[in-house]
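[1] sequence-free structure coming up:
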C-alpha cells in the first residue's frame, strides 16, 4: 500500500486539531517518502495511495470492458443489491422466468398451437394464461426489487466524514473512493461495499488503538376423420398417410390435454405461500412487545413443511433460557460461596441471609446481587490470597472492551457477567491497550503487561492470557470447561475433589460453570515459547492448527483456583411449549455445550425430561455394531418412555462411520428426548445431518447465536431467535421471532393450517382439472379421434383464470378445520401432517377417479339428452354449440358447488367467490355467444346465440330485402327459374373435391351418393 498525506498535489496538510492521531503513531509512520512516487512500469498492479483520488483516476488503472470502452479497475462504493433497472427489467425478468421448466413447457405448447397442421386450440388459449402468470410474477418481482432499490438508496445516501482538502467533510457512502481517509464514531456503520471489510484502521481515539467491530442472495382444426376402412371422410386437400395423420393427432391431443396441470397451478401455489407468510408476519400473538420484535417469515416456500415436523433440534443458552447471565455462586480453594444453607460449617446466618451491601465500592454495579457477605468480608480483609487471585483472574482474563463510565462490551453474556462480578468484589477492569490491561484492585490501580492472548474457540473450550505483573512475575491465567481444565491440571494441584463436588452441585441447580486456574512461568520458558508462538502466527499453512499446537505446549501443569457458577433463567413459557410439542409427537433434542449435569437439570426444569422417563447415559464408546445382526430389535425393550443423555466425546465414537451411525440414530430416535452435552457447533450440524440422512424426516433447528448457524442451515427448516448474541442466527434462518414459546404457535397453528390448506387446495385443483380435461377424452370417441375440443375456445381460456380459480384459492388461504385455540389445546391434531395423510398417492388417485366420474356425468348426460332429438320447429337442437354450453355450464356448477361442500371455514369472501365465479361465467358466456360480437369478430367468436344455419338464412333474407333481384322498370328481364333455386351440387359431384370415395381396393364395395351426402350432413 502506498501512502501519501493530504499535502500531495497541492492539498492542504493534515491538521491535528481536525484529524487527531493516536499516541502510538510516530513521525516516521506519518512521513511520506518521495521514493514511493515511482511511475509504474510494465504490468500495472494494485496500488493505493491514501487521500489521493486523482492518482486512482490515472489512465494506467483503467481496464477494457468492451471494445474501446474502459473503466477503472477500482470498484466504487455504491451498494447494489437490486436486479433490474428501467431498461433491463423486461428482458432480464423474462429470462429468469423462462429458466423455470413449467414456463418453458407452456411456451413450447404455445409454439405447437401456432402450427396449423397440428393445432386443435387457438393460440390465445395458452397465451392469455401464460401472460397472466408471467405478469403476476413480474409484478411481484418488481415490488421486491423496488424495495431493494429503496434499501440501496438509503444505504448509499448515509452520511460519513471523509478527509478532503485537509479537513473532514460530510459525504455520502456512494461518493467514497479508494484511498479515502474516513472518520468513524461510536455506533457508526462501516461504509464498505460487499461482505468483505476492505478498510484499514489507521488510528483510534483510544490511546491503545483498539476497535470493537460487530458483523451482522391461427386456429385450424383438422377435419380428417378416419372411421374404419369403409368410411367416407371429408377431404382437406392433402394427400397425407394415416400414420402421419396419427402423428398430428398425437400433438393435437397433447395440446388439448395440457390443462390437466395448467400454468395457473404454479402461480396459485406461490400466492398461497405468500399469503401464509404474511399471516405469520401479522400474528400479534407472536409479537414480543418488550423488544418490539414481530415474527418474521424470511421465506415463502416452507410454510406447509411447518405442519410436518418430526424432530426439533434446539440450542439451550439463549434459546430455552434468557441468556441474561447472573453471577450466583462460586467455589474458591474448596470453599463454596453464595446463598449457602445454614448447615454449612463455613456459613454464618447473619452473613448469608441478606444481599451484599455494595456501598463500600464506588465502582459497583448497583443492579448486581449476591447473597453471601462472607466472601466480601474475606476479600476486604486481603488475607485470602487465593480469593484475591480468583477475582484478579476474572478481571484480567477476558476480551471485554470498556467504554466511558465503565460500560462493558463483551463478546458473550458470560464474560460480561464475570467481569461485572469482579468489579463488584473490588477488582475493576478499567481499560486495555494492545499491550496492557489496567485494573483497580481494592482501590489500588495496577497495570499488567499482556504478553499473549490465547483466545477461546469451540474446540479449545477455554481461553488463556499471559501477563507480566508489575513486580516482574510472568503468570498464565486460564478459564474454561471443567472437562478440558481437569485434563491439564498439575499433579500438585489442590482442591480437585472439593471443586468437582461443588461443580456437580452447581450443575444440579442448573447453573453454568467455568473452572479457573493459573501457572507461573519463568522468563526463559516464556522466551522459548514466544519464539514458537511467533512462528505459528506467521505461518501460511494451517495457521489455526499450528497455533493450537503451540497453545497446548504452555497450557499444561495448571494450578486450580476454583470455579464460577452463573445462572441463566428459562424463558417464559418454555416448559408448556415443550410439553405441548411432545404431545404432538414431535421429538425434541437439545444440543448444548454445557456440562451433562447442568443440561440434565435444565431438561427437568423445562419439562424435556420427566419423572416417568427411563434415563440412559452415553458413558462408554461402543465396542460392537449390531447394524447387520438384528435391525428390528429395539435398543430399549422395557416399556415406557426413554430419554438419552450423551456427551460430545461419546458422540464422536458412536457417530464416526458405518453402522455405528445407523445404530446411534436408531437408538436416539427410540427416545422421547435426547440431550447432547459438550458438543461443538460442527457436531450439532452433524447430528441433524444424521437424522435427515437415515430417518428421512422433516427436521427443524432453532438457535440464537453464531454457533447455531451450521445447525440451522443443515435442518430442513431453520428458526432464529433474536436474543442477546446478535443477529447471525436470524440472518441464516427461514423463520425468526423473539421467544421460544412462539414455536408452538408457529407449528401447531400456522404450520398445521398451511399443510391442511395446501393439501386441500392441491386435491381440489387436480379434481377440477381432471373433470374439465377428461371431457375432451370422452368426446374423442364421437369425433373420430380428431383431437377436436368439446368446449368452445374462450371457455378453455378462461376456465382456470376466472371461472374456478378464486374459490379454491381462498380455501388455500383461509380454510381451517378448527380455530387456533383448539389447535393449541389438542396437539394430537398435528399428527396427520407428520404421517402425510392429507396428500399422498392415495389422495391423488381419489381426486383422479373423482374427476373421471364427474367428467363422465357432465359429458354423457348432455350427450344422451341431445341425441336424436327434434324441436317443435322441426329442427334438431343437438348442435355443437348447445352441447358445449350445456356441458360447460354443468362443469361450472359442479366444481363450485363441490368446493362449497369442501370448505370448512366460511367467510363472506368465500361466499362471494363462489357466487361471483358462477355469475362471471354466465356474464361472459352471454357476451361471447351474442350475435353482435360475432359480427364484429366473426373469426374468433363463431357462436352466435342461436342456430347458425338459421342465423345465416336470416342474414340472406335481410340481404335480399336490401338489394332485390328484380326491379320494375329495368329493360332486361330474365327467367325467374334461374333465381328460384340455389346453386346445385353438379360441380361438387363432378370434381370430387369435397366428398371423395375411397379406392375400391381399400373400400371393398360401392356406396351411393346419398349415403355420402347423409354422412357429410351428419358430420
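    Okay, I see it. Every value quoted in this text rests on a predicted model; they were computed, and no experiment measured them. Residues are numbered from 1 along each chain as shown.

[2] mind giving me the domain split of this protein?
    Domain segmentation of the chain under the TED database yields 53-204+243-258, 265-270+752-943, 287-319+572-750, 325-339+360-568.

[3] among the ones you listed, which is the most enclosed?
    Greatest average neighbour count among the domains of the chain goes to domain 287-319+572-750 (a mean of 20), per mean count of other C-beta atoms under 10 Å. Every residue, glycine included, has its C-beta placed from N, CA and C.

[4] mind listing what the spatially most central residue of the chain touches?
    Centroid-nearest residue in the chain, with C-alpha atoms, centre = their mean: residue 734, separated by 3.5 Å. By C-beta atoms under 8 Å, 6 or more residues apart in numbering, the contact list for residue 734 reads 297-299, 302, 717-719.

[5] try it again with 10 Å
    Contacts for residue 734 (C-beta atoms under 10 Å, 6 or more residues apart in numbering) come out as 296-303, 305-306, 700-701, 712-713, 715-720.

[6] closest one to residue 956 among the domains of the chain?
    Judged by C-beta to C-beta, the one of the domains of the chain that comes nearest to residue 956 is domain 265-270+752-943, at 14.7 Å.

[7] in the stretch 851-1000 of the chain, which spans are helices?
    880-902, 908-928, 931-936, 948-962, 986-991, 1000-1003 (DSSP state H, counting those that start in this stretch).

[8] Looking at the longest one now, give me its mean pLDDT.
    Across helix 880-902, the average pLDDT comes to 90.

[9] Give me the helices and strands touching it, please.
    Where contact means 3 or more C-beta pairs under 10 Å, 6 or more residues apart in numbering; DSSP states H and E, helix 880-902 is packed against helix 752-780, helix 793-798, helix 805-814, helix 841-866, helix 908-928.

[10] which stretch in those helices is the model least sure about?
    Of all the helices and strands packed on helix 880-902, helix 793-798 has the smallest average pLDDT, which comes to a mean of 83.

[11] elements contacting it?
    Using 3+ C-beta pairs under 10 Å, 6+ apart: helix 793-798 touches helix 124-156, helix 752-780, helix 880-902, helix 908-928.

[12] can you do 7 Å?
    Where contact means 3 or more C-beta pairs under 7 Å, 6 or more residues apart in numbering; DSSP states H and E, helix 793-798 is packed against helix 124-156.

[13] what packs against the helix it packs on?
    Using 3+ C-beta pairs under 7 Å, 6+ apart, helix 124-156 is in contact with helix 89-97, helix 101-113, helix 264-281, helix 793-798.

[14] Distance-wise, check residue 889 relative to residue 775.
    13 Å (C-beta to C-beta, to the nearest Å).

[15] How about residue 265?
    From residue 265 over to residue 775 (counting by C-beta to C-beta), the distance is 19 Å.

[16] what do you get for residue 650?
    Residue 650 sits 64 Å away from residue 775, going by C-beta to C-beta.

[17] go on, residue 319?
    55 Å.

[18] Confirm for me that residue 533 is in contact with residue 550.
    Yes: with contacts counted by C-beta atoms under 7 Å, residue 533 reaches residue 550, the gap being 5.2 Å.

[19] show me the contacts for residue 643.
    With contact set as C-beta atoms under 7 Å, 6 or more residues apart in numbering, residue 643 has these partners: 609, 613, 615-616, 671-673.

[20] If we use 6 Å, what do you get?
    Contacts here follow C-beta atoms under 6 Å, 6 or more residues apart in numbering; on that basis residue 643 touches 609, 613, 615, 671, 673.

[21] Equivalent analysis for residue 702, please.
    Residue 702 neighbours (C-beta under 6 Å, 6+ apart): 314, 319, 719.

[22] swap in residue 608?
    578, 673.

[23] ok, 7 Å please
    Residues in contact with residue 608 (C-beta under 7 Å, 6+ apart) are 578, 588, 590, 673.

[24] and the last one, what is it in contact with?
    Contacts of residue 673 were listed using C-beta under 7 Å, 6+ apart, and they are 588, 603, 608-609, 643.

[25] Which one of the residues you listed is nearest to residue 472?
    Out of those, the member with the shortest distance to residue 472 (by C-beta to C-beta) is residue 603, at 49.5 Å.

[26] Could you name the specific helix or strand carrying the closest one?
    Secondary structure assignment for residue 603, by DSSP states H and E: helix 596-605.

[27] One more: residue 556?
    Using DSSP H and E, no helix or strand contains residue 556.

[28] you'd agree residue 590 is in a helix?
    No: secondary structure assignment (DSSP: H, G, I helix; E, B strand; the rest coil) places residue 590 in strand, not in a helix.

[29] Can you give me the distance of it to residue 646?
    Applying C-beta to C-beta to residue 590 and residue 646 gives a distance of 11 Å.

[30] and if you look at residue 95?
    Taken as C-beta to C-beta, the span from residue 95 to residue 646 is 51 Å.

[31] Also residue 110?
    59 Å.

[32] same check, this time on residue 165
    Per C-beta to C-beta, residue 165 is found 65 Å from residue 646.

[33] And for residue 51?
    58 Å.

[34] Could you point out which of the contacts of residue 643 is nearest to residue 458?
    residue 673 (23.8 Å).

[35] does the closest residue to the closest one other than its chain neighbours count as helix, strand or coil?
    Spatial nearest neighbour of residue 673, excluding adjacent residues (C-beta to C-beta, 6 or more residues apart in numbering): residue 643 at 4.5 Å. Under three-state DSSP, residue 643 falls in the strand class.

[36] Check what pLDDT residue 643 gets.
    89.

[37] Any figure for the gap between it and residue 895?
    Here the distance between residue 643 and residue 895 works out to 51 Å (C-beta to C-beta).

[38] any chance of the helices and strands packed on helix 880-902 in CSV, plus distance to residue 272?
    Formatted as CSV, the helices and strands packed on helix 880-902 follow (distance: least, C-beta to C-beta, whole Å):
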stretch, distance to residue 272
helix 752-780, 6
helix 793-798, 21
helix 805-814, 4
helix 841-866, 17
helix 908-928, 14
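
[39] now for those helices, which one comes closest to residue 678?
    Comparing those under C-beta to C-beta, the one sitting nearest is helix 752-780, at 35.3 Å.

[40] got a list of contacts for stretch 898-918?
    Contacts for stretch 898-918 (C-beta under 7 Å, 6+ apart): 760, 764, 803-804, 806-808, 810-811, 814-817, 892-893, 896.

[41] hmm, I was thinking of stretch 171-186
    48-53, 56, 74, 77-78, 155-163, 168, 190-191, 202.
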